[in-house]
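Engineer: take this sequence and fold it.
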Amino acid sequence: MQFIIYYLNFQNGVLLFVMAYARIAIVFYMLPVLGERVLSGLVIKNTLITLTIIGLWPCSQLVISPEQGWFILLVQEVVVGLILAMTLCVPFWIAINIGELLDNQRGATLSDSIDPVNGGQSSVLSGFMNFAFGAIFFASGGMQLLLELMMKSYQVFPQGSNVMKIHWQELSYLLMVIAKNSIILAAPVLMVMLVAELLLGVFARYCPQLNPFSLSLTIKSFIAFIVFLLYGFRAMTEKPWQIFSNLALQTFIS
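Structural biologist: All right, here's what the predicted structure looks like:
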């Protein structure tokens, strides 16, 4: 009899672990700062996920009734984890888009390479921005904030909550936030490079034999780096960092 009780408790614990894993693991796999190049290997990543689940175990206590069905609850947790991961990835996607915009404006998109953080193909400056914001993330206590947001997600979306109440149209709000903040943060450099492009055009009009456009990549790259150093990293520690919160997640049910 005692063995049966232990077995049922173990079975319930495994189901609770699977439910928590379905929500938290998606965040670890989607977050660019925790990409394959940072946490290489499934053993290391799943060990960290398991330790995170143990730390958040009091938040994920769920009594599974036969009427609910564990498979339906698992699908709901996967959906909630996907929404949580997308909202937490927004600041990193903003940093990546800033690099893409600047590389597109300075004409360096032909030099696309492998991003050293998440392993995907991206422009040179895009990978650098992703790596730089990842350093800002860790230096500013980002992992502690990440765990706090995971804990608060159980208050916003408790286990077993109905995903049909989620406002899926708010996904367009996330796209708007990414596009808006990327353009705002990259606008000073884009305007300066546009002025440099106009001046090169005027110079080429009066001195066509010098072919100044052959130096346009070098000139615009130098200007972009100087201007971005004046404001860029300070702005990246303020604007995208403010978005890294639970507010975007709450918009899906408000």
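
Engineer: next, the buried residues of the host helix or strand of Asn46.
Structural biologist: If you go by DSSP states H and E, Asn46 is part of helix 42-55. Residues of helix 42-55 classed as buried: Lys45, Ile49, Thr52, Ile53 (neighbour count, 16 or more other C-beta atoms under 10 Å). Bear in mind the C-beta positions are built from the backbone N, C-alpha and C, glycine included.

Engineer: what comes into contact with that helix?
Structural biologist: Residues outside helix 42-55 that contact it (C-beta atoms under 8 Å, 6 or more residues apart in numbering): Phe17, Ala20, Tyr21, Ile24, Ala25, Phe28, Tyr29, Leu34, Leu39, Ser60, Leu147, Met150.

Engineer: go ahead and confirm Val227 touches Met191.
Structural biologist: No: Val227 is not in contact with Met191 according to C-beta atoms under 8 Å; the separation is 9.1 Å.

Engineer: if you average pLDDT over the helix holding Asn46, what comes out?
Structural biologist: In this model, helix 42-55 has a mean pLDDT of 83.

Engineer: out of the buried residues of helix 42-55, who's nearest Ala95?
Structural biologist: Closest to Ala95 out of these is Lys45 (21.9 Å), distances taken as C-beta to C-beta.

Engineer: what distance do you get for the closest one to Thr87?
Structural biologist: Applying C-beta to C-beta, to the nearest Å, the value for Lys45 to Thr87 is 21 Å.

Engineer: go on, Gly107?
Structural biologist: According to C-beta to C-beta, Gly107 and Thr87 sit 33 Å apart.

Engineer: which regions of the chain lie under the pLDDT threshold?
Structural biologist: Within the chain, the stretches with pLDDT under 70 are 1, 36-40, 60-68, 108-122, 239-254.

Engineer: can you give me the helices in it?
Structural biologist: Along the chain, counting by DSSP state H, helices occupy 2-30, 42-55, 70-106, 124-139, 142-156, 171-206, 216-236, 239-243, 247-250.

Engineer: quick check, distance from the second one to the centre of its chain.
Structural biologist: Meaning helix 42-55. Helix 42-55 has its C-alpha centroid displaced from the chain centroid by 19 Å (C-alpha atoms, centre = their mean, to the nearest Å).

Engineer: quick revisit: between the buried residues of helix 42-55, which sits nearest Tyr154?
Structural biologist: Of these, the one sitting nearest to Tyr154 (C-beta to C-beta) turns out to be Ile53, at 11.9 Å.

Engineer: just give the nearest non-adjacent residue to Phe233, would you?
Structural biologist: Nearest residue to Phe233, sequence neighbours excluded (C-beta to C-beta, 6 or more residues apart in numbering): Ala132, at 6.9 Å.

Engineer: ditto for Val192
Structural biologist: Counting by C-beta to C-beta, 6+ apart, Val227 is the residue found nearest to Val192 once chain neighbours are left out, at 5.1 Å.

Engineer: what's the angle between the helix holding Asn46 and helix 2-30?
Structural biologist: Calculated by axes from the mean of the first three to the mean of the last three C-alpha atoms, to 10 degrees, helix 42-55 forms an angle of 120 degrees with helix 2-30.
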